[in-house]
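# here is the input, now give the coordinates:
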Amino acid sequence: MSGKLKIHVDQDKCQGHARCKSLAPELFELDEFGNAHEIGDGSVPKGLEDKAWLAKANCPEIAIDVIEE
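Residues are numbered from 1 along each chain as shown. Coordinates of the predicted model:
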């Protein structure tokens, strides 16, 4: 990982399991229906890269993308 990471939640796939929010509350927020959204523009702050990958790996709907920039 030489560049920065960004996360994105595919709203068509998210079913509101909220595992990402439980594992990485600094990176995800839930809407009024319990579906996850990336915080801000999805940029992953330094030091939280492992949490981004962990959230992606634990999403049962495979709704989280981690993009290396």
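# strands of the protein, residue ranges please.
5-9, 28-30, 36-38, 64-68 (DSSP state E).
# tell me what the longest helix anywhere in the chain is packed against?
Counting residues, the longest helix found in the chain (DSSP state H) is helix 49-58. Contacts defined by 3 or more C-beta pairs under 8 Å, 6 or more residues apart in numbering; DSSP states H and E place helix 49-58 against strand 5-9, helix 19-23, strand 64-68. In short, each C-beta sits where N, CA and C put it, glycine included.
# would TSV of those with distance to residue 56 and mean pLDDT be doable?
Shown next, in TSV, are the helices and strands packed on helix 49-58 (distance: least, C-beta to C-beta, whole Å; pLDDT from 0 to 100):
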stretch	distance to residue 56	mean pLDDT
strand 5-9	8	98
helix 19-23	8	98
strand 64-68	4	97
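# do you know which of the strands of the chain lies nearest residue 49?
strand 5-9 (5.5 Å; C-beta to C-beta).
# show me what that closest one is in contact with.
Identification of contacts with strand 5-9 by C-beta atoms under 8 Å, 6 or more residues apart in numbering yields 20, 27-28, 35-38, 41-44, 49, 52, 55-56, 63-69.
# which of those residues are buried? Put it as a ChimeraX command.
Selection of buried members from those for ChimeraX, criterion 16 or more other C-beta atoms under 10 Å:
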select :20,27,28,35,36,37,38,42,44,52,55,56,63,64,65,66
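# with residue 32 as the reference, measure out to residue 47.
30 Å (C-beta to C-beta, to the nearest Å).
# so for those two, which residue has more residues nearby?
residue 47 (8 against 5; other C-beta atoms under 10 Å).
# mind pulling up the pLDDT for that one?
Looking at residue 47, its pLDDT is 97.
# over to residue 3?
On the pLDDT scale, residue 3 gets 77.
# I'd say it and residue 68 touch.
Yes. Applying C-beta atoms under 8 Å, one finds residue 3 in contact with residue 68, separated by 5.4 Å.
# please consider this matter closed, and thank you.
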